[in-house]
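Student: missing the sequence, but the structure's below:
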């Protein structure tokens with residue numbers, strides 16, 4: 001053994017025996033490949049169990065449910081395979097840990113039959129760390145995590161059945177101590193808002209779209225267009241707005257088109273989408289009292305008010321489509337006046353509002369949820385609701401056709417527009433808001449240059465508009481009655497009014513609405 005030459009000759013004479021003796025004094029020549037195969041199998045098993053532990057237990061149950069419902073065909077199939085074993089969280093955990101621990105503990109025993117004990121410890125730690133922990137964990141938690149986990153699900157089921165006599169009691173004990181509910185964990189409202197916000201279009205995305213549009217428009221720099229938009233102002237003057245599109249500009253339409261295309265791909269949410277989702281999540285926490293208009297700011301009319309010229313002009317100037325009507329005192333509201341019904345009312349008759357048909361509004365309490373009142377609006381009964389802490393008492397008085405007691409007070413009103421504004425987180429301006437606002441600004445500014453009071457001057461001009469609307473209704477009715485004309489007769493001539501730049505805005509608006 002000590003002679004180098006003799007040792008070399010002995011190895012060549014008995015290669016298998018001397019090589020096996022070099023690895024371990026106790027190793028039989030026929031057992032070498034057996035022990036080596038067992039060691040490789042144990043390392044593979046340890047790595048497989050470590051990878052499955054990381055790959056399966058790191059899967060989110062909620063994400064799996066989402067993929068099962070809305071994923072691709074493969075994702076739905078994989079999620080359906082994985083979900084049943086993920087629901088048995090502790091049983092799965094104990095099974096994988098038991099098999100992994102058994103493989104790690106058995107590896108040094110079989111390695112010691114191949115190499116000396118000190119070498120077997122070093123090899124065991126190295127192989128387990130590299131091939132049994134690091135590499136499997138990286139593979140099983142990579143991009144193909146779900147696919148690998150679903151593919152190996154049958155193996156996991158077999159292992160769970162094999163070690164169930166030991167693993168099942170331990171899992172039940174863990175369920176008793178820690179709880180067995182490992183179902184889908186729902187997102188909290190704030191967490192869901194943050195999740196939605198993360199999908200919003202970023203500034204970098206917007207800049208990339210703008211740069212893309214700049215490059216696109218630069219290719220067509222020889223097509224320069226100057227658009228002149230004439231905006232008619234209440235003062236009668238014209239403002240010239242220049243809209244230029246050149247190589248240095250960015251087309252809003254193409255930019256928004258690209259943004260919509262990006263949103264449609266599912267990678268990002270549009271800013272408006274995020275805003276509306278946030279508004280929908282916040283709406284359930286908002287009460288009617290937080291959204292309503294205080295009763296002190298509500299435009300109301302008395303039941304006995306006569307609908308003469310001044311009152312009709314005042315109602316038209318208010319810009320409201322529905323007006324609460326009260327009897328004697330403001331807390332005794334009897335119904336709503338639909339302003340559109342005034343179009344057939346002749347101010348010369350001076351009819352009281354009580355002669356018209358009033359609609360009963362919805363009555364809600366201040367602590368009602370905004371979603372509740374939105375559902376009430378969807379029923380189509382009314383688009384406006386009165387807010388009072390005594391809603392039942394008010395409804396009872398209306399059913400009995402009695403006056404509402406003085407001590408029953410209304411605190412405000414809420415409209416469907418108010419709720420929608422809270423939902424989309426933006427102000428809504430309809431045509432009446434813009435039209436009445438511009439019209440009042442025009443006539444009030446003009447009244448400043450005249451001697452006299454502003455409001456009477458505005459009322460006089462609004463009466464002209466109301467009278468023209470009533471004439472249109474009368475003309476329509478007259479035309480319906482004249483269904484038959486003599487053969488040689490001709491229809492009466494139509495008066496055509498030419499609108500010039502000097503024509504007041506009120507007259508222009510009246511003609512435009514015909």
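Tutor: Arrived safely, thanks for sending. Values in this document were obtained by computation on a predicted structure and should not be read as measured data.
Student: Going by neighbour count, list what's buried in the host helix or strand of residue 149.
Tutor: Residue 149 is part of helix 145-151, with elements assigned from DSSP states H and E. Neighbour-count burial for helix 145-151 flags 145-146, 148-150 (criterion: 16 or more other Cβ atoms under 10 Å). C-beta: built from backbone N, CA, C; applies to glycine.
Student: and which of those residues is nearest to residue 392?
Tutor: If you rank those by distance to residue 392 using Cβ to Cβ, residue 146 comes first, at 55.3 Å.
Student: With the flanking residues excluded, which residue is spatially nearest to that closest one?
Tutor: What sits nearest to residue 146 in space, not counting adjacent residues and going by Cβ to Cβ, 6 or more residues apart in numbering, is residue 78, at 5.0 Å.
Student: Quick check, that neighbour in contact with residue 145.
Tutor: No - with contacts counted by Cβ atoms under 8 Å, residue 78 stays clear of residue 145, the gap being 9.8 Å.
Student: if we can go back for a sec, what's in contact with the helix holding residue 149?
Tutor: By Cβ atoms under 8 Å, 6 or more residues apart in numbering, the surrounding residues in contact with helix 145-151 are 51-52, 55-56, 58-59, 67, 74-75, 77-79, 81-82, 139-140.
Student: Just the buried subset of the residues you listed, written out for ChimeraX, thanks.
Tutor: Selecting the buried subset of the contacts of helix 145-151 in ChimeraX, with 16+ other Cβ under 10 Å as the burial test, is done by:
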select :51,52,55,56,59,67,75,78,79,81,82,140
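Student: Can you tell me which of the contacts of helix 145-151 is nearest residue 44?
Tutor: Of all those, the one with the least separation from residue 44 (Cβ to Cβ) is residue 51, at 10.5 Å.
Student: Secondary structure element holding the closest one?
Tutor: Using DSSP H and E, residue 51 sits within helix 32-57.
Student: If we go by neighbour counts, what in the following helix or strand past that helix is buried?
Tutor: Under the assignment DSSP H and E, the closest C-terminal helix or strand after helix 32-57 is helix 61-70. Residues of helix 61-70 classed as buried under the neighbour-count rule (16+ other Cβ under 10 Å) are 61, 64, 67-68.
Student: Can you tell me which of those residues is closest to residue 290?
Tutor: Comparing every one of the buried residues of helix 61-70 with residue 290 (Cβ to Cβ), the shortest separation belongs to residue 61, at 35.9 Å.
Student: so what pLDDT did the closest one get?
Tutor: What the model reports as pLDDT for residue 61 is 84.
Student: Hmm, it is touching residue 84, no?
Tutor: No - with contacts counted by Cβ under 8 Å, residue 61 stays clear of residue 84, the gap being 11.4 Å.
Student: Out of the buried residues of helix 145-151, which comes closest to residue 343?
Tutor: For residue 343, the nearest member of these is residue 146. The distance, counting by Cβ to Cβ, is 64.5 Å.
Student: low-scoring stretches of the stretch 401-514 of the chain, by residue?
Tutor: Using pLDDT under 70 as the threshold, the predicted model of the stretch 401-514 of the chain has low-confidence ranges 429-514.
Student: Could you report the distance from residue 128 to residue 358?
Tutor: Relative to residue 358, residue 128 is positioned 85 Å away (criterion: Cβ to Cβ, to the nearest Å).
Student: Which of the two has more residues huddled nearby?
Tutor: Regarding residue 128 and residue 358, a neighbour count based on other Cβ atoms under 10 Å identifies residue 128 as having more, with 21 against 18.
Student: Contacts only, for the more buried one.
Tutor: Listed by Cβ under 8 Å, 6+ apart, the contact partners of residue 128 are 43, 46, 104, 107.
Student: helix, strand or coil for the last one?
Tutor: So the one you mean is residue 107. Reduced to three states with DSSP: H, G, I helix; E, B strand; the rest coil, the structure at residue 107 is helix.
Student: Over to residue 326?
Tutor: Three-state call for residue 326 (three-state DSSP): strand.
Student: pLDDT wise, what is it at?
Tutor: Per-residue confidence for residue 326 comes out at a pLDDT of 92.
Student: host element of residue 363?
Tutor: With the criterion set as DSSP H and E, the secondary-structure element containing residue 363 is strand 362-364.
Student: Any buried residues in whichever helix or strand comes after that strand, and which?
Tutor: Following strand 362-364 in sequence order, the next helix or strand is helix 370-378 (DSSP H and E). Of the residues in helix 370-378, 370, 373, 376-377 count as buried by neighbour count, 16+ other Cβ under 10 Å.
Student: what do you get for stretch 422-430?
Tutor: Within stretch 422-430, the residues that qualify as buried by neighbour count (16+ other Cβ under 10 Å) are 422-423, 425.
Student: Understood, closing this out.
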